[in-house]
Every structure is written in C-alpha cells, then in structure tokens.
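K.L.:
Provided below for reference: sequence and predicted model.
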4 protein chains.
Amino acid sequence: MVEGSPLRADAQRNRARILDAAEAVFAEFGTRASTEEVARRAGLAIGTVFRHFPTKDDLLTAIMKRLLAQLVEDAGERDLFAFFGHAVAQAAAKKAAVDLLAGSGIDIRVPDALGHLSDAVGRLLTQAQDAGAVAASVRLPEVMALLASLCQGALHGGWDDHLQARTLAVVFAGLKGC
Amino acid sequence: MVEGSPLRADAQRNRARILDAAEAVFAEFGTRASTEEVARRAGLAIGTVFRHFPTKDDLLTAIMKRLLAQLVEDAGERDLFAFFGHAVAQAAAKKAAVDLLAGSGIDIRVPDALGHLSDAVGRLLTQAQDAGAVAASVRLPEVMALLASLCQGALHGGWDDHLQARTLAVVFAGLKGC
Amino acid sequence: MVEGSPLRADAQRNRARILDAAEAVFAEFGTRASTEEVARRAGLAIGTVFRHFPTKDDLLTAIMKRLLAQLVEDAGERDLFAFFGHAVAQAAAKKAAVDLLAGSGIDIRVPDALGHLSDAVGRLLTQAQDAGAVAASVRLPEVMALLASLCQGALHGGWDDHLQARTLAVVFAGLKGC
Amino acid sequence: MVEGSPLRADAQRNRARILDAAEAVFAEFGTRASTEEVARRAGLAIGTVFRHFPTKDDLLTAIMKRLLAQLVEDAGERDLFAFFGHAVAQAAAKKAAVDLLAGSGIDIRVPDALGHLSDAVGRLLTQAQDAGAVAASVRLPEVMALLASLCQGALHGGWDDHLQARTLAVVFAGLKGC
DNA sequence: CATGAATGAGGGTTCATTCAT
DNA sequence: TATGAATGAACCCTCATTCAT
C-alpha cells in the first residue's frame, strides 16, 4: 500500500521546512514576525506557506503542537526535576511557542496537546511523590503553573545557566516541601 | 527656567491622560492595540499623543517606567512575601506592562527603573533574611527571576486566587529554605 | 455655528475626489477594479481612500447612493418616457453603479435610496396614467423591472442612439397598452 | 487524422465534466468563483482544467458558447413569445453565462455563437410577423436588445413568476405594435 | 495525459508616523 | 500647541497559472 504519490514527499519536506523556518523566525522576532519572513527563511514562495497553513494561526498552532508533542516525549525520559530543567532550558529557544503557550494575542486551541503534556507531567509528579522527592501536598495545577511561569521567565529574562540553576533550586526546594 | 508656564500645565495633564489611557488600552488588548485607540480613550487627537511620545515605543517605555516606579513604592510598604503576592496579583491587570517587562517584540530599555525595583526588592530580601524568613543562601538575582516568572505566569495563565496561593506557597517554601 | 474645522474642507474635497474617481474607475473596469486604482485616479494615497471608506463595499455603496439620489432628482424634472430615455442613456456611463443596482456579487444595502427611486418613478407612472399615456393596468413593479432591465441592456449591449430609440419605442408601445 | 485515439475519449469526457462543473459553479457564485472550485466540483485536478482551457477566460468562453448553442436549439422549437419566456426563465439559472453575455469584466468574443442565436431569433421574428403576431416595423436588433435586457433584468432582479409574466406582457404588447 | 504542489503578483486592509491647518 | 487628515510601507491572504512528477 503505497499511500501518497511521489510528489507527496516534496510536500512533506516543504511542510517541515516551513515549520522549521517558522519556529526559528517566531523564536527570533516573536509571533509578530511576518509570514513572508517565514517563507523567505524557508526558501519558498509565500503561496506555498499558505497552501500548507491556510492561516497564520494555523501555522502557529502547528508549531505549538509540535513543541508540545516534543515536550511530552521529553517528559517520558526524565524525572520531574530534570524535566523542569529541560523545559526551562528549551524555552529560550522557543520564544514563539512559549508566547503561544501563554496565549498572548493569538487565539489558538491546542487543548489536546496541552492535555497530553499535563498528563505526562502528572505522571512525573506521581513518581516523584512516590519516591519522596516531592511533598505529598503538592498538586498538579501548581506544578503546571510553576512550569509555565519558569518557562516564560527563562524565555524573556535571558537567564544564564547559573541563574537558571539557582532559580530552579529555589522552586525545587519548595516542591520538596521542607 | 520657564518650567511652569500655563501651557505646561495642560501638557502635563495631557501626558497623564495619555499614560492612563495607554495603560488601560494595552492592558486590555495587548501591545498590538493601535495608538489611535489610545488617543480615542484619552479623548485626544492622535497628533497630541505623538507630540508627547514621538514613538509608540516611547509611550510603552513610559508606561513601563511608571509601573516599575509604582512597584518600587509598593515594595516599601510590604515584606518580601507580601510583595510577591502583590506583584503577582497586579500582573493580570497590567498585561501590557508585563509584556514589556518581558521584552516581547518591542525593544525597550528601562534599566534605571528596573534597577530601582531591584534595589527595593533587595532591601526586602535582606530584611526577610535578617528575620530568618528566607534562607541566607538565596540571592537577589534568583528572587528577581522568580518574581518576573510568576508575574508572567499569572498574567498569561489566568490563575484563580486559589491556584495563585498554592503556586506562591511552593515558591515561598523554597525561599524559606527548609 | 461653524460646525467643522477648516480641515474639514480638505477632507470633503478629497471625499468627493474619491467618489468621482471611483465612479470613473468602476465604470471603466467594473467593480473588480482595485481600490488602489481608485486612489491613483484620485491622486491620493491608498490610506486616504480607506480612511474615508473603511471598506471597498462602503465605497461602492456610497457611489450607488449618489447615483440613485441623482436619478431621483432627475425623475422630478421629466415625464415617465423621458425619464426612461434618460436613465438608459446614463447607464452606459455608470457601469459599476448599474452592476450594483443589479446586485452583482457585492452585497450592498441601499434600500432607502432604492425606495426613493421607486417612489419617484411611481409618481411619474401615476401622472402618465392620469394623462392617458400609459395603460391603467400597468403597475409599478413591472415598470421598475423594465427600467432596470433596459439599463442593464444598454450598459452591457453597447447600444447606439438609434438602437436605443427603437428598443425603447417597443417598450413604450407596450406601456401605452394598445 | 488521429482524432479518435482512446485517450481522446477520456479527454472528451473530462472536457464535458469541466464545462458542467464550471456552469454550476459560476451560476452559483458568479464568475469570481475560483477555477480551483470548478476543478473540485468536476472531481479533477486543477492542472487538468487548465490543460483543457488554458485560461479562465477560455473556460468562460466555452460555457458561453455552449449556452448560446443550446438557446439556438431551443429557439427552433418555439415561437418568438415562448422563446422570450424560455430565455428569461433560464437566465436566473445561468448567472455566469448571462454575466458573460453581458461582457461584464471578462473580455470574451463569441461572435459566431452570438450570430447563430441572432439568426435563430431572426427566423422566429419573421414567422411571427408573417403570422401577424408582431408589428412589421419591428426589426431584429431591437428584439435582440430586448431579449438581452430582459435576461439581465430577470437574472439580477430576482423576479418571481408573476412579475416576470407582467413584465413580459408589457414587452409583448409593444412588439405586437398596437 | 493527469496530478497537485509551487509560484508570485495583486488585492483589501491596518497603522505608525508626518504635516498642513 | 492641538488637531486630525494624509501618507505609504507592510501585512495577511487569494488565485490564475506553471511545471515537476
């Protein structure tokens, strides 16, 4: 079953190029960067971008979904603390996506993807609490709130590694409960 | 020194009206709201707004400075924990300003104002550490980073009071050191 | 009572220039002509056109209203047959307006203006019937239908004067009843 | 003469499907409907449409020709009055074609087809005059002008059956001479 | 010959900024 | 100095047309 004509391969490649370019462009200039700039970076004509993503929002949503899916995957390979560190480290490189995660301006619905991330973090939280690494009183909503906050902070604050470590250390201490 | 001519009074009043309108408009619609909308809300013509703030960025910078100055003042009347709660609570109502603080898109330099806020928070931190309410190992940079992160998180996350309290509780526990 | 600042005069002049240019452009190229072309013909920047008519439809509606108002006025100075001749002769020069009158594509509501025209023609019809120049059985709806049809026909058919006269003669004979 | 290779059969079928789809689409949405929509409705790829009709105008011209040919055929089976009624009734269902007939926007030359229609109507006219049903003074050009006008009017005016009957009655009375 | 992805000019619209009044 | 009309670059998006597969 060879579903999809050979041309489909080109289209797939272009779709990926667009997403990569968009992620880079939006990361560099924010979501206000023009779709034209994305096309330029992807080395494609503007029409091609709109053929793949009929709306700028569609493009942003697609980026968002990809980022969240990646985070969910990343969550599977780490414990809660490592995942926090990882996510925060990623943030700086994912300006646009974090903006979107934050809901700034553009109305984007990625409930499923967000739900999956929440599920993944929930599993990490349970593991951490079972291992006694996080206080039993801590619940998922505040963990997600802290994760989002720290990603935003890292993104916009321009933290260096040292500052990031010290900041996370405070939060981790808080999670452990004391 | 002609600083006090009758016209100057008008100008000062207009400047204040513009800033108030801009804060309200940008808080409601984000920094993408048009300058024209700000003028409308201020009950002034667009030209007047640009006479006072030659650039939209200038206007945004001015709002930022005013917000930070207010925060510095607020810091003087609270302890570290109360101030965190206050700042976070404010965030939701100051969408635009927090965006700016975060540097999203528009390039704004308000080093002095930020420095003053840092100073104020530094004083609160010292007080809290002197009182044994915050671990001695905690330093100002991470406190500022946490403050900014939580403000961002509160702003974009749409936290209710309960979630805000639980989230802050984790951070406060972390600051106390345990 | 000097309502309106002096600048208003300029704006009024520009509004008129835009309407004149739009009528000419749309008459020449149809309603598909670009707003940019209208601006060019008016000797104004595109932004000015959109300041006066926030939407292309707004511009088309405005032209339509003006044309209909003119027709209503024209109706006051003629009998039914002369008015038919006049309207049909105008049609060729008013491509766009007739298109709009016909409702082609663009959704425009000018019910009031259309109603006024209908009223004016109704008066002419009554006069003609009172004078025995039109059969008593004829009613307004079909007169309006004939008027619109003939305007369309004249517009798109490129009739010369002779053909127009002969065509109208048939319709006039029909109205007289025989 | 290779006119009859198996492929030719496919091509002919596709050509017909495209014309049918185009007539339906343009009738529904006007000539502004996209060629892509036509391809979709025909169940073909856009490239196939352009292979058969290198230009959108070519497609529109082809539709026009087919419509006129059909009208010519219809004319053979009716007397002048019945044909008028038939053509006008068709108009509403042939939005696009009538648009084209009218020449609105797209520049299309279908002189031959139009000539044939004119010939057919000329025959009907002669018959009617021979039968004394139409005044001898009436000539073909104004009959064609009336026909086109009424089709336009019916198309854009949204006439109901009653209005159409009354409107045609006036024209028929005019043709009869009185 | 059919396919459908890619192209890119062009269209409607917005908005920061300028400048005549 | 305040006003608000004018400007025009830039943006998002559409669609006729081309061309590699």
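P.N.:
That came in fine, so what should we check first? Numbering: from 1, shown residues only, chains lettered A, B, ... in the order given.
K.L.:
Name the single longest helix found in chain A.
P.N.:
When chain A is scanned for its longest helix (criterion: DSSP state H), the result is helix A:7-29.
K.L.:
just checking, what packs against that helix?
P.N.:
helix A:35-42, helix A:46-52, helix A:56-75, helix A:95-102 (3 or more Cβ pairs under 8 Å, 6 or more residues apart in numbering or on different chains; DSSP states H and E). All C-beta atoms are positioned from the backbone trio N, CA, C, and that covers glycine.
K.L.:
most packed of those helices?
P.N.:
Mean neighbours per residue, mean count of other Cβ atoms under 10 Å in any protein chain shown, is largest over these for helix A:95-102, with a mean of 25.
K.L.:
How far does the following helix or strand past that one sit from its chain's centre?
P.N.:
Along the chain past helix A:95-102, the next helix or strand (assigned with DSSP states H and E) turns out to be helix A:111-130. Here helix A:111-130 shows a centroid-to-chain-centroid distance of 15 Å under the convention Cα atoms, centre = their mean, to the nearest Å.
K.L.:
before we move on, the earlier item: quick one, which of the helices and strands packed on helix A:7-29 gets closest to C:F26.
P.N.:
The closest of the helices and strands packed on helix A:7-29 to C:F26 is helix A:46-52. By Cβ to Cβ, the value is 28.2 Å.
K.L.:
so does stretch A:48-62 get close to chain D?
P.N.:
No: looking at stretch A:48-62 against chain D by Cβ under 8 Å from any Cβ of the partner chain, there are no contacts, and the closest approach is 10.9 Å.
K.L.:
Only the C-alpha atoms, please, for that stretch, written as CSV.
P.N.:
Below are the C-alpha coordinates for stretch A:48-62, written out as CSV (Å, rounded to 0.1, in the frame of the first residue of the first chain):
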residue,chain,number,x,y,z
THR,A,48,3.4,27.7,-0.6
VAL,A,49,3.3,28.6,3.1
PHE,A,50,-0.4,29.5,2.8
ARG,A,51,-1.1,26.3,0.9
HIS,A,52,0.2,24.3,3.8
PHE,A,53,-1.2,26.5,6.5
PRO,A,54,-4.2,28.5,5.3
THR,A,55,-3.9,31.0,8.1
LYS,A,56,-1.1,32.4,10.2
ASP,A,57,-2.9,31.0,13.2
ASP,A,58,-2.8,27.6,11.6
LEU,A,59,0.9,27.9,11.3
LEU,A,60,1.4,29.0,14.9
THR,A,61,-0.9,26.2,16.1
ALA,A,62,1.1,23.6,14.2
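K.L.:
quick one: is it near chain B?
P.N.:
No: counting by Cβ under 8 Å from any Cβ, chain B has no neighbours in stretch A:48-62; the shortest distance is 13.3 Å.
K.L.:
likewise stretch A:132-148?
P.N.:
Yes: using Cβ under 8 Å from any Cβ, we find that stretch A:132-148 touches chain B at A:138-139, A:141-142, A:145-146, A:148.
K.L.:
Against A:G115, how distant is A:G122?
P.N.:
10 Å (Cβ to Cβ, to the nearest Å).
K.L.:
again with A:A62
P.N.:
From A:A62 over to A:G115 the distance is 17 Å, taken as Cβ to Cβ.
K.L.:
Same check on A:D57?
P.N.:
To A:G115, A:D57 is 20 Å away according to Cβ to Cβ.
K.L.:
which sections of chain A are below the confidence cut-off?
P.N.:
Applying pLDDT under 70 to chain A flags the ranges A:1-7, A:92-93, A:95-113, A:178.
K.L.:
ok, A:L114 touching A:K65?
P.N.:
No: A:L114 is beyond contact range of A:K65, at 9.5 Å (criterion: Cβ atoms under 8 Å).
K.L.:
What residue in chain A comes nearest to DNA strand E?
P.N.:
Relative to DNA strand E, the nearest point of chain A is A:G47 (1.7 Å; Cβ to the nearest atom of the strand).
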